[in-house]
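**Student:** okay, sequence plus prediction incoming.
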Amino acid sequence: MALLTRITGPRDLDRLSPEQLDRLAAEIRSFLVDAVSKTGGHLGPNLGVVELTIALHRVFDSPTDKVLFDTGHQSYVHKLLTGRQDFSRLRSKEGLSGYPSRAESEHDVIENSHASTVLSWADGLAKANQVLGRDDRHVVAVIGDGALTGGMAWEALNNIAVAKDRPLVIVVNDNERSYEPTIGGLANHLATLRTTDGYERFLARGKDLLERTPVVGKPLYETLHGAKKGLKDFIAPQGMFEDLGLKYVGPIDGHDIEALESALQRAKRFNGPVIVHCLTQKGRGYKPAEQHEGDRFHGIGVIHPDTGLPVSAGGASWTSVFGDEMVRLGHERPDIVAITAAMMQPVGLGKFAKEFPDRVYDVGIAEQHAATSAAGLATGGLHPVFAVYATFLNRAFDQVLMDVALHKCGVTFVLDRAGVTGDDGASHNGMWDMSILQVVPGLRIAAPRDADQVRAQLREAVEVKDAPTVVRYSKGTVGPAVEAVGRIGGMDVLRRHDGKAADVLIVSVGALATMCLEIADLLDKQGISTTVVDPRWVKPVDEELPGLAQRHRVVVTVEDNGRTGGVGSAVAQALRDAGVDVPLRDFGIPQRFLDHASRKEVMAEIGLTAPDIARQVTGLVARLDGRFEEPGDDIAVAAEAVRD
């Protein structure tokens, strides 16, 4: 790593020779494989942009020039070239973020790791430069071909193209993939551009020949050049971009630093919007990634660097349980179809797609379109299941509300990675879904506590034909089954107090059932009796819950969702509406953006642990009893006893 360790900022690249730049690229790839294999992270996308990132930082002067990365999966090389080379705690608490981070560096601009946003950011920054007279600054937006499938990107392009004299360089990082191979009309268009000689080269050769032809040569060339729109469409269909008013440069070999620099310098000199189309290979230089047809090691856990194989095999994941049940449902019901927004494997639909290739739709990074298309599918007589990360459903709220719910369409939304996800940071925690969906009339939300309930509640959800349903579950390995000891209304009773009514009613939401039972054990050791129920369906609030709450002194809700407007708020409203005046404490995620760390560390930081909650509930019961002392270390001692 002799060259890499000497790079403390982008301008250190200026003094390197072409041979040294190639050596640096090799060192960066070696560093990434070694570092990311130890921590996990986004490996494939970064291996594919090594030369491109080097060229960007040699041609442009960050941070004066703003270099923006869409999504940020590919920002590791950028981090290395801007002085951040300690990857030992990548995506861990107090370590480097897996995405650009303003707290880390002045070279980072966008922290939001949701795709297709960068062109709107770039449009705004370029407008600001123009208004403030900053003619010496450039804005560069790096966007993948996968992110270009998002509608927001085209809304931005429509605006960018209006200002012919506003400098803005759009670098299309075309590796034919988002997570998996990019699909759709745009992907087909880019594929044509990859494989067809450009009309500019044709015209250049024609000009040389015709200008040497006496009398008719020059007029004939001018006629051809004036008709280049038709000629261009015949030879190379990059007209889609140029018809918008965007100058097109490319395709460029994204692994040839000299060619990249030349193209970027031309784009930099052009006083208007320019697209530089770069062809790259995701996972380049690391054979296990290059040979992985699924996602080219888009995101990995801890692996053996030599083989690319996982260091340890985990148990069944929430995602895989859903995926297997979808296949069973597919065999039983020919009306069930599946939708994904460019994440077939990550959301567990790979097996369904293999079994029923004609009943699965990958719409690209287009969650809004997915939701409304699902409404159309439902209206047409099918039952669509749209599987998506919880954090990405935020992008389709209007469509869920006005297209699906308003029209009473039987669509099931399956939200993967709900709640605290941890290491991917603030933008990926699925902590808003149960709050924003509470306001949707008719919509029903299921929060399964274990694998058995994922299967059962998914089946219940797809039986609903006149309203949208949601099934949400956590990231990672699913725990052991949590058995019910009874049923009240539609709620499962997980713990019942023998004898007279208990002191505390704990309403457990989803995967936090095991923790809620631990809270009950801790309270029991303090002489506080409890009932623990799992509502299963948290929207609407079960009709039996207010009556059950009335038979307790305190109600406690525990959810892996933001406290504002979440399940706790809905339960409190239901109690008020029923005239039940019982104190309620709602425990959940505070409404703030949470820094990256492990899920366990984040839960501890926000106080969403059994000892923390038991301590507060003990204090509340003491105040109701007229005792005002706060509980001390006895809860911690009890917690150790419970764990033992």
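**Tutor:** Great, that's in hand. Keep in mind the model is a prediction, meaning the values are calculated, not measured.

**Student:** Arg328: how many residues sit nearby?
**Tutor:** Residues contacting Arg328 under the criterion other CB atoms under 10 Å number 14. C-betas here are computed from N, CA, C, even on glycine.

**Student:** ok, Gly364 next?
**Tutor:** If we define neighbours as other CB under 10 Å, then Gly364 has 26 of them.

**Student:** can you start the count at 22 instead of 1 from here on
**Tutor:** Renumbered: residue one is now 22, and that last one reads Gly385.

**Student:** what about the closest residue to it other than its chain neighbours, how many neighbours?
**Tutor:** Excluding its sequence neighbours, the residue lying closest to Gly385 (CB to CB, 6 or more residues apart in numbering) is Thr170, at 3.0 Å. As a burial measure, Thr170 scores 26 neighbours (other CB under 10 Å).

**Student:** got it, and Gly548?
**Tutor:** Counted with other CB under 10 Å, Gly548 comes out at 9.

**Student:** that one: what secondary structure?
**Tutor:** At Gly548 the chain is in coil, as set by DSSP: H, G, I helix; E, B strand; the rest coil.

**Student:** and Ile527, what element?
**Tutor:** strand 525-529 (DSSP states H and E).

**Student:** mind listing what's buried in that strand?
**Tutor:** Under the neighbour-count criterion of 16 or more other CB atoms under 10 Å, strand 525-529 has Val525, Leu526, Ile527, Val528, Ser529 buried.

**Student:** of all those residues, which comes closest to Ile131?
**Tutor:** Ser529 (37.3 Å; CB to CB).

**Student:** what lies in contact with the lengthiest helix in the chain?
**Tutor:** Using DSSP state H to define each element, the chain has its longest helix at helix 39-60. Residues outside helix 39-60 that contact it (CB atoms under 8 Å, 6 or more residues apart in numbering) are 22-25, 28, 34, 37, 63-64, 67-68, 71-72, 75, 97-98, 101, 106, 108-113, 278-279, 305-307, 321, 323-326.

**Student:** drop anything exposed from those.
**Tutor:** So, by 16+ other CB under 10 Å, the buried ones in these are 24-25, 28, 34, 37, 63-64, 67-68, 71-72, 75, 97-98, 101, 106, 108, 111-113, 278, 305-307, 321, 324.

**Student:** looking at those, which are in helices?
**Tutor:** Going by DSSP H, the helices hold Asn67, Leu68, Val71, Glu72, Ile75, Tyr97, Val98, Leu101, Ile278 from those.

**Student:** between which two of those residues is the distance greatest?
**Tutor:** Tyr97 and Ile278 (17.8 Å).

**Student:** return the distance of Asp445 relative to Val623.
**Tutor:** Using CB to CB, to the nearest Å, Asp445 is found at 11 Å from Val623.

**Student:** what do you get for Ala334?
**Tutor:** Relative to Val623, and taking CB to CB, Ala334 is found at 25 Å.

**Student:** which one of the two has more residues nearby?
**Tutor:** Val623 (22 against 6).

**Student:** pLDDT wise, what is Phe649 at?
**Tutor:** In the prediction, the pLDDT value recorded for Phe649 is 59.

**Student:** same check, this time on Ala659
**Tutor:** For Ala659, the model assigns a pLDDT of 54.

**Student:** and if you look at Thr551?
**Tutor:** So Thr551 comes in at 96 (pLDDT).

**Student:** which ones are touching the nearest residue in space to it that is not next to it in sequence?
**Tutor:** Among residues not flanking Thr551 along the chain, Ala541 sits closest, at 4.1 Å (CB to CB, 6+ apart). Taking CB under 8 Å, 6+ apart, we find Ala541 in contact with Arg516, Ile527, Thr551, Val553.
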